[in-house]
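Asks: I need the structure of the sequence given here:
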Amino acid sequence: MNAREEVLARIAAAHRIAPPPELRYEDISREYRTTSDSETAQLTELLIDRLVDYRALVRDSSAGDLAATIDTALTERGSRRVVAPAGLDPSWTANVAAEVLTDGAFGDDQFSVSQLDVADAVITSCAVAIAETGTLVLDGSPDQGRRVLTLIPDYHLCVVFPDQIVADVPQALARLEASRPLTMISGPSATSDIELNRVEGVHGPRTLEVIIVQNAR
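Replies: Now for the predicted structure:
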């Protein structure tokens, strides 16, 4: 069998096992895994492993030290202007030495792209963190803000709590509202050119840093 015949044979096999076209949507089998037996500590360890593998920066913190940890992270980056969504807990940035700029909830109070472009960093929470894929999901809630906030500044600092970490994608989707503007982040923005040279910061932040809060809220 030559390469062409092998490819055609694989396509034919895929067609044979594919669901018939008349199969109703409600009759599609959904026997995939929707729960996990993993403990929070195991999920946290897996999430950290995936984030580091994607070249994200990770540090942990207790809930009581969160404000100090945030200040340390921003100071180490040399951030002078930090954007925060309007619904972010103000205690998180209470100790921040940098200027904290709050993006408003409505038009005139919201920053333009050019204003966000001169910001050094953005800080948000997240809706869900998927351990298996190392993905942070933002859904536009008040503590996460508009999608553009996390796409323009070069550094994104995201805070994740243990109760936001789930094992896999089905569990994440069960927690999310599909009609909301979901942004899925797996590491810093990166792409490769035709010679497979990795270039970071093309479609979003060049640096993603995640603070894992190690004790429950």
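
Asks: Please, where are all the helices along the protein?
Replies: Under the criterion DSSP state H, the chain contains helices at 3-17, 40-53, 66-77, 113-117, 169-175.

Asks: quick one, which of the ones you listed is nearest to residue 204?
Replies: helix 113-117 (11.8 Å; CB to CB). Any C-beta I mention is one placed from the backbone N, CA and C, and that applies to glycine too.

Asks: Can you name the residues that contact residue 98?
Replies: Neighbour list for residue 98: 74, 75, 79, 80, 81, 82, 120, 121 [criterion: CB atoms under 8 Å, 6 or more residues apart in numbering].

Asks: cutoff 7 Å now
Replies: 74, 79, 80, 81, 82 (CB atoms under 7 Å, 6 or more residues apart in numbering).

Asks: State the pLDDT value of the spatially most central residue of the chain.
Replies: In the chain, the residue lying closest to the centroid (CA atoms, centre = their mean) is residue 136, at 2.3 Å. Note for residue 136: predicted pLDDT of 98.

Asks: Would you agree it is in contact with residue 158?
Replies: Yes - here residue 136 reaches residue 158: they are 5.7 Å apart, a contact under CB atoms under 7 Å.

Asks: Overlap in contacts, these two.
Replies: Common neighbours of residue 136 and residue 158 (CB under 7 Å, 6+ apart) are residue 126.

Asks: Give me the residue ranges of this structure where confidence is low.
Replies: Applying pLDDT under 70 to the chain flags the ranges 216-217.

Asks: Break down it into its strands, ranges please.
Replies: Ranges of strands in the chain, per DSSP state E, are 57-61, 81-85, 99-103, 121-124, 128-130, 135-138, 155-160, 165-166, 183-185, 190-192, 198-200, 207-213.

Asks: Quick one: residues contacting residue 87.
Replies: With CB under 7 Å, 6+ apart, residue 87 has these contacts: 141, 142, 143.

Asks: Out of these, who's the most crowded?
Replies: residue 143 (18 neighbours; other CB atoms under 10 Å).

Asks: surely that one meets residue 125?
Replies: Yes - with contact defined as CB under 7 Å, residue 143 reaches residue 125; the gap is 4.2 Å.

Asks: Now for these two: what residues contact both?
Replies: Counting by CB under 7 Å, 6+ apart, the residues touching both residue 143 and residue 125 are residue 88.

Asks: ok so, going back, any idea which of the strands of the chain gets closest to residue 35?
Replies: strand 165-166 (10.0 Å).

Asks: which other helices and strands contact the closest one?
Replies: Applying 3 or more CB pairs under 7 Å, 6 or more residues apart in numbering; DSSP states H and E, we find strand 165-166 packed against helix 40-53, strand 128-130.
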